[in-house]
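Q: Requesting a structural model of the entry that follows:
(chains A, B and C)
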Amino acid sequence: MYTRTPVNLAQLALLAAALLIASKALSPYWVGLMTEAMIWALFALSLDILLGHTGLPSLGHAAYYGMGAYAAAIWFLRVDSGFWACLAVGTGAATLLAALYGLLALRTVGVYFLMITLALAQVLWAIFYSWRSVTNGDDGIRDINRDNIEFVGLRFGETGDYFLFVLGVFLLAAVAILVILRSPFGYTLRGIRESAERMEALGYNVWLYKLLAFLVSGAFAGLAGVLLVFNRNYVSPEAAGVVVSAEVMLMIILGGAGTLFGPVIGAFAIVFLSHWVSSITERWNLILGVIYVLVVVFAPQGVTGLAARWRRLGGGGPA
Amino acid sequence: MSFWLIQTLNGVSFGMLLFLLSAGLSLIFGLMRIINLAHGSFYLLGAYLGIGIMGATGSFWFALAFAPVAVAGISVVLQRLLLDRVAGNELGQVLMTFGFLLIASDVSLWIWGGAPLMLEKPRVFDASVELAGAAFPVYRLMITAVGMAAALGLWLLIERTRIGAIVRAGVDDSEMVQGIGVNLPLMTSLVFALGALLAGLSGVLAGPILGVYPGADFAVVMFAFAVVVIGGLGSLNGAFWGSLFVGLVDNFGKAMFPEFAMFTIFVPMAIVLAVRPTGIFGKA
Amino acid sequence: MSALTVHAASVTFGGLSAVDGVSLEIQAGERRGLLGPNGAGKTTLFNLIGGQVPVDAGNVRLFDEDVTLLPARERAHRGLARTFQVTKLFPNLTLRENAMLAVQAIYPGRYSMHRTVFTYRDLQRRVDELLETWGLSDKAGATVRHLSYGDQRQLEIVMALANKPRLLLLDEPTAGLSPAETTLVTGLVSLLPRDVTVLFIEHDMDVAFQIADRISVLNQGRIVAEGNPVEIRADARIREIYFGKVH
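A: Okay, here's the model as predicted:
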């Protein structure tokens, strides 16, 4: 009827199948890269809940990503090296941070909101950088080791096995996000994006929805952070830094904000592009900077936006 | 006693350097409502170009005179050609200026390499002044003087001249200002260029004491950020007092609590964000 | 029974009095027109009734309940619905999604995240019925920003009616509409059952006199006249306010 959910689920299944097949055929380097791409894709999906669907441009989203990573790492090293405990702690810490930061940031609008979210993330970055006794400062935490973790026969120490685990988590999370975005809550968020005043007049508690969006978004970002720290076996303050925050935003814009798979496309594109370009030149940052400018000028609706425009032009019917 | 005096003077001179850097950022926001993430690049380019000019001519004064102007020129080209296209689109501006930041950062790395470079200050500044039993470099006094002069100059320009009145009106209501026939595009380019010029100037001036290195743009943007968050966006007052505050806090912080590094700035920043998000002198 | 009582309400914007000690009472089931020249304070009055703007003095009672301190969303839950002078719809969503959000607003499941909205069949049925009733079903899939202005204005009213409000505020419902569209809207309003009380702002005198049981005239933030359409039509002062003194 009016739902494309079955179609989207099929698309996800297709992506999963493609990744699975690729992982059997390619070297561990590529498998590791695909793992990284999925982690960024999850991170991008989480930000899009706020950015594309609620219309809240959170410029400091790396805060929740970094918090998830650090909380999991510190718990792993100092309290309990049980993987699931670390996952829970990381995701939980990120969610709590999102609640706090959401309460603070939602007192502002527009450019001030952008500024505050960035500034709040910088505060966290500074804490990671300065609190050497807990976070090891700018050296980062390097003793993470997933060799001893096992789950349903998967040995996380093996690149291929960890890839499968991350694939599983990514799929579950993507389906969850899909349902959330299609739920009454999700539609309310889009209504708020379009006209918060109208939503209030209709009877919605707009502020509460925005805060809940922060929580949901922060939780998934934190989850991505946990997967990240176990993928790389280390974390540094840069995980909460402005470069990461900007890059995940670029991924969303490139792929198409407010769409279901735009962020995923954008994430995969940037991750693979960055690795390929870095192998042939040292000037990846320059090229990335140019991409930022080009995307903003020529494709602000992202790849999915361009695709929609072509479809409309080519397929006939009203624009 | 002399410890406090020296640290205060250091803090003030650093604060004045920050003022040169942040004043433009704050004003640009007020007029154009953009957060210019590439502001740190103006500083970086100012320093590197300064080194280049000094390398070619052997004169610090040439570098001081022309590097900022070159930076201002580059800024206007970027603003007219690209930034204007995303007027009103806050997210677009943020992403685009971040792109500029990356481009400038990498091009600088490409041209000048990764090793930290220092600008050589002229002999006349080699001296120190005796203050309460300690030696304080004349160079830092000069920076303080330049900063104060710039603050005074900007204040006069904005509060006491016709141009300034137009800028202030533009900050309050840009549509109205255009409606009465003011050439707003020209004005915004001038304000933007002025902001870039000051930032470039701060880069050259900082050259002999802080040096320049890849990543200085990011580091400096952080400080500029702290200044405008604490002082308030769009306010010259805010930029001035915010800079002094950040300069002093950072200096005393590093001197007294070296293990806390960046933290000393971010605590006041966090407090301001929690209590008065638009900054102490900011307009809502 | 009084549907709406506004008592000595004032709203000032930086020294300028937009609404100055306005008192107004509307009986349940009434159709009240609010007239007045531009800048008289009509929309501000609407905004204080709707909750978009807080009062600086006075109070507002909705069906005998004091709602003065309640935010707009709480008033919506107490049966108040409104349209806006400048269309406030959800431009990038479809017509159906717009209507759905209106219906969903007081629905208990509106915070749920674990099921798609399409699994709530009763909600979807109510949306379909709403569109059927007001003749918008054939445009359901259109993106709102591509709809004609007339369709958008119609959608705004339909959305306000989504949850059977007890008090409906219409801010210039026929502004910018063609004569045919105007007839459509006036027809729509006259068809409303009397358990909906209607307060509307209008510039089109003919429309106002056609729909209204009573009319209040606002000028410079104050009520200057109140009466039935015949009385108001005959009142020379009203003509003066709109058209200036005739010498």
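Q: Any buried residues in the helix or strand B:Trp110 falls within, and which?
A: Element membership for B:Trp110, per DSSP states H and E: helix B:90-112. Neighbour-count burial for helix B:90-112, with 16 or more other C-beta atoms under 10 Å in any protein chain shown as criterion, is recorded at B:90-109, B:112. The way it works is simple: take the backbone N, C-alpha and C, and place the C-beta from them, glycine included.
Q: in what helix or strand does C:Arg194 lie?
A: Here C:Arg194 is covered by no helix or strand, with elements defined by DSSP H and E.
Q: and it, what is it in contact with?
A: C:Gly29 (C-beta atoms under 8 Å, 6 or more residues apart in numbering or on different chains).
Q: Which residue ranges of chain C form strands?
A: C:2-13, C:16-27, C:31-35, C:57-62, C:65-66, C:80-82, C:167-171, C:197-201, C:214-219, C:222-227 (DSSP state E).
Q: Determine the set of other helices and strands touching the last one.
A: If I follow you right, that is strand C:222-227. On a contact count with 3 or more C-beta pairs under 8 Å, 6 or more residues apart in numbering or on different chains; DSSP states H and E, strand C:222-227 meets strand C:16-27, strand C:214-219, helix C:236-243.
Q: Filtering the buried residues of helix B:90-112 by proximity to chain C, which remain?
A: With C-beta under 8 Å from any C-beta of the partner chain as the criterion, the buried residues of helix B:90-112 include none near chain C.
Q: coming back round to it: so which of the strands of chain C is the most surrounded?
A: Ranked by mean neighbour count, those are led by strand C:80-82 with a mean of 27 (mean count of other C-beta atoms under 10 Å in any protein chain shown).
Q: Nearest residue to residue 140 in space, please, no chain neighbours.
A: Let's take chain A. A:Ser236 (3.3 Å; C-beta to C-beta, 6 or more residues apart in numbering or on different chains).
Q: that's the other chain; I wanted chain B
A: Per C-beta to C-beta, 6+ apart, closest to B:Arg140 is B:Ser13, 4.1 Å.
Q: tell me the mean pLDDT for the helix holding B:Trp110?
A: Throughout helix B:90-112, pLDDT has a mean value of 91.
Q: cool, stretch C:226-241 as well?
A: 83.
Q: and the end-to-end length of that stretch?
A: With C-alpha to C-alpha, to the nearest Å as the measure, stretch C:226-241 spans 14 Å from end to end.
Q: List the buried residues in that stretch.
A: Applying 16+ other C-beta under 10 Å to stretch C:226-241 flags C:226, C:229, C:232, C:235, C:238, C:241 as buried.
Q: Tell me how many other residues crowd A:Leu100.
A: 13 (other C-beta atoms under 10 Å in any protein chain shown).
Q: Check the one 5 residues further on too.
A: Residues within reach of A:Ala105, counting by other C-beta under 10 Å, total 28.
Q: before we move on, what about B:Trp4?
A: Neighbours of B:Trp4 under the rule other C-beta under 10 Å: 11.
Q: and if you look at C:Asp213?
A: Other residues lying near C:Asp213 total 14 when counted by other C-beta under 10 Å.
Q: Where does pLDDT dip in the stretch 101-250 of chain B?
A: For the stretch 101-250 of chain B, the stretches with pLDDT under 70 are B:131-133, B:167-168, B:170-175, B:177.
Q: need the residues of it near chain A, please.
A: B:101-107, B:109-110, B:218, B:222, B:225, B:228-229, B:233.
Q: Of all pairs in the residues you listed, which one is the farthest apart?
A: Greatest spacing in these, by C-beta to C-beta: B:Trp110 and B:Leu233 (32.9 Å).
Q: coming back round to it: so which of the residues of the stretch 101-250 of chain B next to chain A comes closest to chain C?
A: Among those, B:Leu233 lies closest to chain C (C-beta to the nearest C-beta), at 22.2 Å.
Q: What about that closest one, how many residues nearby?
A: Residue crowding around B:Leu233 was assessed by other C-beta under 10 Å; the count is 24.
Q: ditto for A:Leu181
A: Residues lying near A:Leu181 (other C-beta under 10 Å) number 24.
Q: Same check on C:Thr174?
A: Using other C-beta under 10 Å, C:Thr174 is surrounded by 25 other residues.
Q: Per-residue pLDDT of the closest residue to chain B within chain C, please?
A: Nearest residue of chain C to chain B, counting by C-beta to the nearest C-beta: C:Gly14, 13.2 Å away. On the pLDDT scale, C:Gly14 is placed at 80.
Q: Also C:Lys245?
A: At C:Lys245, pLDDT is 55.
Q: and after the longest helix anywhere in chain A, which helix or strand comes next?
A: Looking across chain A with DSSP state H, the single longest helix is helix A:206-232. Sequence order places helix A:242-255 as the next helix or strand after helix A:206-232, per DSSP H and E.
Q: All set, thanks.
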